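1. turn this into a structure:
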Amino acid sequence: MALPNRGGGGRMNPRFNRQPEPEHRINERIRVPQVRLVGDNVTVGVYPLEEARKIAQQQELDLVEISPNADPPVCKVIDYKKFLYEKKRKEKEMKANAKQSEVKEIRFTPGTDDHDFDFKAKHAEKFLKDGNKVKAYVQFKGRAIMFKDRGELLLLKFAERLTEAGVLEGMPKMEGKRMLVMFAPKSQKKPVTPAKA
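-> The predicted structure follows:
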C-alpha cells in the first residue's frame, strides 16, 4: 500500500536557507547613538554614530563594533575583510600548533625483543620529528611487576636511542602498573658544519 504524500515535496525549510549573521555588527548594522572610536589614524574618543561612520568612509574602511557590551560600545575603523582573514589565519595557526603538541604513546612489555624495540624506536623518532611529544611506557601484568629493573633499563636504552630526535623530560617513574617516561621534540636545528680551509 502506497503511503500518503504528506506534502512539502522535499523543499528546504526557508529558515535554514538564510545567510549566517556576521560575527560583528558593521557599518549600517550598528544601531547605537554614540560609540567609542579606536583604530589607526583615528583620534580615540566618544563620537556620535553618524560621525564615526563618516570617519570610516573617508578612510574607505569599515566601522566594526568590537565590544558591543561596553558603555558606549567600542567600534574600530578597519578593513573588515582583512580583519576576518587575519583572525582565521591566527585560528588556523593556533590549531596547527595545538596539533603539533599531541602526545603519542609507545607501549613496551618487560619482554620486548630487539626487533620490536627497533620498530617502536623508529615510530617514536618520526613522532618527535613531526613535533609531537612521546610517552613511552612498560606495561607490567601480574608477576611481571618483579621485573621493574628490566623495564627501567629498557626505557633508558630507548632514551639513548632517541637522543638525536628528542629530549628526555625525567627519569622513568611508576604509575600504577606501568613505568613511563616522556620525551619532548628537539628543536630542528641543523648542525653547523665547519668551513673547510
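
2. and the nearest residue to R31 once chain neighbours are set aside, how far is that from D62?
-> Closest residue to R31 apart from its sequence neighbours, by CB to CB, 6 or more residues apart in numbering: R25 at 7.6 Å. For the C-beta atoms, the positions are set from N, CA and C on the backbone; glycine is no exception. For R25, the distance to D62 equals 11 Å [CB to CB, to the nearest Å].

3. tell me which residues are up against stretch 140-160.
-> Defining contact as CB atoms under 8 Å, 6 or more residues apart in numbering, one finds that stretch 140-160 is touched by 106, 108-112, 117, 120-121, 124, 136-138, 168, 172, 174, 177-181, 183.

4. please repeat the previous calculation with a cut-off of 10 Å.
-> 106, 108-112, 117, 120-121, 124, 134, 136-139, 166-169, 171-174, 176-181, 183 (CB atoms under 10 Å, 6 or more residues apart in numbering).

5. hey, where'd the strands end up in this structure?
-> 34-38, 45-48, 62-67, 74-78, 103-108, 133-139, 166-168, 173-175, 178-185 (DSSP state E).

6. select, out of these, the one closest to E91.
-> Closest to E91 of the strands of the chain, according to CB to CB: strand 62-67, at 16.5 Å.

7. what does the closest one contact?
-> Residues contacting strand 62-67 (CB under 10 Å, 6+ apart): 22-32, 35-39, 47, 49, 52-57, 73-84.

8. try 6 Å
-> 24-27, 30, 52-53, 56, 73-76, 78, 80 (CB atoms under 6 Å, 6 or more residues apart in numbering).

9. could I get those as CSV with neighbour count and pLDDT?
-> CSV is the format used below for the contacts of strand 62-67 (neighbours: other CB atoms under 10 Å; pLDDT from 0 to 100):
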residue, neighbour count, pLDDT
H24, 18, 84
R25, 18, 89
I26, 18, 89
N27, 15, 91
I30, 18, 91
A52, 23, 95
R53, 19, 95
A56, 22, 95
P73, 18, 94
V74, 18, 95
C75, 33, 94
K76, 23, 94
I78, 22, 93
Y80, 18, 91
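
10. and the nearest residue to V77 once chain neighbours are set aside, backbone torsions?
-> Excluding its sequence neighbours, the residue lying closest to V77 (CB to CB, 6+ apart) is G39, at 3.6 Å. When read as degrees, to the nearest 10, the backbone of G39 gives phi 140, psi 170.

11. now swap in the one 5 residues further on and tell me
-> When read as degrees, to the nearest 10, the backbone of V44 gives phi -60, psi 130.

12. separation between it and R107?
-> From V44 to R107 the distance is 58 Å (CB to CB).

13. tell me which of the two has more neighbours.
-> R107 (13 against 10; other CB atoms under 10 Å).

14. show me what contacts the more buried one?
-> Applying CB under 6 Å, 6+ apart, the residues near R107 are Q139.

15. for V46, same thing?
-> 34, 36.

16. report pLDDT for it.
-> As predicted, V46 sits at a pLDDT of 95.
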